[in-house]
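In: pasting a predicted model and its sequence here:
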Amino acid sequence: MVSGVSVDTRFGRLLALHLLTIAVWASPLLPLPLLSVPLLPVPFLSGRGASALAGPATAAAVDPAAVAPAASSRSTPPPAAAPGATAARRRAPAGTYADLGEALDYYRFLVDADVWRPLAPGPLLRFGSTHPQVRELQALLVLFDDLSIDHQGSDHFDRSLDRALRRYQARHGLVADGVLGPATRAALNTPPQQRVAQLRLNHQRQTQFRAQAERRYVQVNIPEYRLRVVEDGAAVLEMKAIVGQSERPTPLLRSQIESLLVNPSWNVPRSIAEADILPRWHQQPDYLQRHGYRIVSGWSRPRKLVEEQPELRSLPFYQGGDYLRLWQPPGEDNALGRFKFDFPNPYSVYLHDTPQRGLFRFDRRAFSSGCVRLERPELLARQLLDDPQRQTLEAALAGTRTRRLRLREPVPVYLTYWTAWIDGDGVLQQRADIYRQDPSPADALSTAALAPAAAELH
C-alpha cells in the first residue's frame, strides 16, 4: 500500500490505460504501435497483478469489472473509460485525494504507464462540437480524474464532457467556460513528468509550512490570487487578492500583522513614482490633480505641501535632503483604499484595500507592484479585531481621519507560493507558475526530479 493506493488498484488502472491507448491513441489520427505502452516492472506488482504478467494480456481478454477497484479503495477513478464498470466504482467520488503525497503517487504512476499524449493543434471545441479530437480530450480528462470512467467515447462534445472540462479548468485557475482553447490546451499538454516535479516541490513546501503554522493565521497564496484566514485548520474567511506583477513580484515571507490603518494616506515609494506616476505627469499636466496626488517636501511634521507648478516637472524628485516626493491624502481615490494591514518585513509590502474594484473580476490578478490588494478588507479587519475594537472601527469608518488600530494579539501572516495543493473537498488544485519558481520543463524531465525524496516516503 502506498498512500492508500493498493498495488492491485495500480495494476487495474494500468490495464485500463492499455484499453484507453488501444481505443484512442492507437488510431489513424495518432499512429502509435498497438499496445506500445510498457507494463510496470514486476516489483510494483503482487498477487493478482503479478500472476497476470505470466501470460499475454490483450484488450479482448480484459474484464473491466475485474480491474475496477472495490468501493473501499482510493476514491480517484482509474484513468480509463471501461464499459461495464461496477456500480461500486460508479458511486466512488471522482478525482479526490487524501493529500498531496497521494496525488504525487498517482502522477508518478501516469509517468510509469507512459500513456499520456499531448493534443495536437486544433480548433476551438465546445459543447455541441463534433471533431475527432473530442475523443482525445475525453481520454485526457479521464487520465486526470475529471471525467468518469463510464463515459463512452464519441466524436461529439456532450454535456458530460462540458462539465468535466469546466471542472478541469476551474481547478487549474483557468476561465471555466467549457471551451477547449489555447490556454486549456497548454495546461492539458503539460507532461506528467512536469506535474510530478511540481507536486513534489509543493509537497515539500507544504510540509515545511505545516511544521511552523500556528493555530490561527492569515495566508495569501500568490499563484492562487487568494487570501484565507485559518483557525484550527479550517478557513473561516476567504477572498480574492491581487498580487505583484512578474517583474514586481510579491515576496514570500512570514511575519505578524500587528495593526491596521483605517483611512490611510499613502507615501508613494520612489520606485512606483518613477516608474508609473511621474512619467504620466510629464505627459499629462493635470495627472496629479486628477488622481489626488500632492507634492511634499521632506518628511517633517507637519507636512510641507508644495504647490503644484509647471516648472516642478523639470526638477528632480526623491533626490537630495528635503527632497520632493508624492503623497496621497486619505479619500476615495487613495490607492490604499480605506484599509492598510501592517506587518514588519524588509520589502515594505503590506495588505490593503483598493479603489480599483473592477480588477477582481479577472481570473489572473498579478497587477500590483508587490503589495497585496484585497477584495473585502473590511471583513478581514472585523475578523482580526475583538469586539471592543470593532466598535472603534465603526467610528473610524464613519469619518475620514486616519486611525491606527493595534491588534490585541499579533496574527501570523504567510505569503506563500503553492502551485499545487489539495483543497477542502479533496480535489487537486494546480495553478500557473507565474513567477517561474517551479522546476522548468527541462529540469522536470530529469531523473532526479522524478525520484522520491526521503520526506515523501510514507
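Out: Good, I have the coordinates. Residues are numbered from 1 along each chain as shown.

In: check which helices and strands the helix or strand harbouring A442 sits against.
Out: Using DSSP states H and E, A442 sits in helix 441-444. Contacts defined by 3 or more Cβ pairs under 8 Å, 6 or more residues apart in numbering; DSSP states H and E place helix 441-444 against helix 192-212. All C-beta atoms are positioned from the backbone trio N, CA, C, and that covers glycine.

In: now find how far off-centre the helix it packs on is within its chain.
Out: On the basis of Cα atoms, centre = their mean, to the nearest Å, helix 192-212 sits 13 Å off its chain's mean C-alpha point.

In: that older thread, list the buried residues of the helix holding A442.
Out: Neighbour-count burial for helix 441-444 flags A444 (criterion: 16 or more other Cβ atoms under 10 Å).

In: so the residue nearest to D423 when sequence neighbours are not counted bridges to which residues?
Out: With sequence-adjacent residues excluded and distances taken as Cβ to Cβ, 6 or more residues apart in numbering, D423 is closest to Q429, at 5.2 Å. Here Q429 shows beta-bridge partners W421, assigned using DSSP bridges.

In: contact partners for Q429?
Out: Counting by Cβ atoms under 8 Å, 6 or more residues apart in numbering, Q429 touches R171, H172, G173, E224, A420, W421, I422, D423.

In: how does it look with 7 Å?
Out: By Cβ atoms under 7 Å, 6 or more residues apart in numbering, the contact list for Q429 reads R171, A420, W421, D423.

In: equivalent analysis for L104, please.
Out: L104 neighbours (Cβ under 7 Å, 6+ apart): V196, L199, R200, H203, E456.

In: wait, L305 sits on R294?
Out: Yes - at 5.8 Å, L305 counts as touching R294 under the criterion of Cβ atoms under 7 Å.

In: so what would you say the end-to-end distance of stretch 415-422 is?
Out: 18 Å (Cα to Cα, to the nearest Å).

In: which outside residues touch it?
Out: Residues outside stretch 415-422 that contact it (Cβ under 7 Å, 6+ apart) are 97, 99-100, 103, 198-199, 202, 205-206, 209, 219-223, 250-253, 428-431, 433, 435, 437-438.

In: now the buried members of those.
Out: Using 16+ other Cβ under 10 Å, the buried ones in those are 97, 99-100, 103, 198-199, 202, 205-206, 219-223, 250, 253, 428-431, 433, 435, 438.

In: what about the helices in the stretch 301-450 of the chain?
Out: If DSSP state H, counting those that start in this stretch is used as the criterion, the helices of the stretch 301-450 of the chain fall at 377-384, 387-397, 441-444, 447-450.

In: what is the first one packed up against?
Out: Meaning helix 377-384. Packing partners of helix 377-384 (3 or more Cβ pairs under 7 Å, 6 or more residues apart in numbering; DSSP states H and E): strand 234-244, strand 339-342.

In: relative to helix 387-397, how tilted is it?
Out: For helix 377-384 against helix 387-397, the angle by axes from the mean of the first three to the mean of the last three Cα atoms, to 10 degrees is 160 degrees.

In: buried residues in helix 377-384, which are they?
Out: P377, L380, A381, L384.

In: setting aside sequence neighbours, what's the nearest residue to G424?
Out: Nearest to G424 is A235, by Cβ to Cβ, 6+ apart, at 7.3 Å.

In: that neighbour and R228 touch, don't they?
Out: Yes - using Cβ under 7 Å, A235 is in contact with R228, at 4.6 Å.

In: what about the two, which has more around it?
Out: Neighbour count, other Cβ atoms under 10 Å: between A235 and R228, R228 has more, with 18 against 14.

In: angle of the helix or strand that one falls within against strand 234-244?
Out: Using DSSP H and E, R228 maps to strand 226-231. Strand 226-231 and strand 234-244 are oriented at 150 degrees to each other (the same axes, to 10 degrees).

In: strand 226-231 - contacts with which helices or strands?
Out: Looks like strand 226-231 contacts strand 216-221, strand 234-244 (3+ Cβ pairs under 7 Å, 6+ apart).

In: now the first one, how far from the centre of its chain.
Out: Taking Cα atoms, centre = their mean, the mean C-alpha location of strand 216-221 is offset from the chain mean by 15 Å.

In: direction included, what does it pair up with?
Out: Strand 216-221 has these strand partners (DSSP bridges): strand 226-231 (antiparallel), strand 403-416 (parallel).

In: how about the last one: buried residues?
Out: Going back to what we said before, that points to strand 403-416. Neighbour-count burial for strand 403-416 [16+ other Cβ under 10 Å]: L405, L407, V411, P412, V413, Y414, L415, T416.

In: out of these, who's nearest L359?
Out: L415 (18.8 Å; Cβ to Cβ).

In: against G292, how distant is the closest one?
Out: Distance of L415 to G292, given as Cβ to Cβ, to the nearest Å: 28 Å.

In: ok, now which residue in this structure is the farthest from the centroid?
Out: E311 (47.8 Å; Cα atoms, centre = their mean).

In: so how far is Y287 from that residue?
Out: 16 Å.

In: A335 too?
Out: In terms of Cβ to Cβ, A335 sits 14 Å off from Y287.

In: neighbour count for the two, which is higher?
Out: More crowded of A335 and Y287, by other Cβ under 10 Å: A335, with 22 against 15.

In: I'd say that one and N267 touch.
Out: No - the pair A335 / N267 is not scored as a contact, 10.9 Å apart, by Cβ under 7 Å.

In: among the helices and strands packed on strand 226-231, show me which one is buried the most.
Out: strand 216-221 (a mean of 20; mean count of other Cβ atoms under 10 Å).

In: other residues contacting it?
Out: 227-231, 241, 257, 372, 411-416, 418.

In: one more time with 8 Å
Out: 226-232, 241, 243, 250, 257, 351, 372, 380, 384, 411-418, 421.

In: check stretch 348-357 too.
Out: 218, 220, 227, 242, 250-251, 253, 257, 264, 269, 332-343, 370-374, 377, 380, 413, 415.

In: looking at V218 now. What's its pLDDT?
Out: Predicted confidence (pLDDT) for V218: 98.

In: gap between the closest residue to it other than its chain neighbours and V220?
Out: Leaving aside its chain neighbours, V218 sits nearest to V413 (4.4 Å; criterion: Cβ to Cβ, 6+ apart). Relative to V220, V413 is positioned 8 Å away (Cβ to Cβ).

In: ok, so of the buried residues of strand 403-416, who is nearest F362?
Out: Of the buried residues of strand 403-416, the one sitting nearest to F362 (Cβ to Cβ) turns out to be L415, at 20.0 Å.

In: domain-wise, how is this protein divided?
Out: According to automatic domain parsing, the chain comprises the domains 7-196, 199-265+333-421, 266-328.

In: quick one: which of those domains is nearest A442?
Out: domain 7-196 (9.6 Å).

In: shaky segments in this protein?
Out: Within the chain, the ranges that satisfy pLDDT under 70 run 1-95, 152, 445-458.

In: try it again at 80.
Out: Residue ranges of the chain with pLDDT under 80: 1-95, 150-153, 441-458.

In: ok now stretch 173-188, how far from the chain's centre?
Out: Relative to the chain's own centre, stretch 173-188 is displaced by 14 Å; criterion: Cα atoms, centre = their mean.
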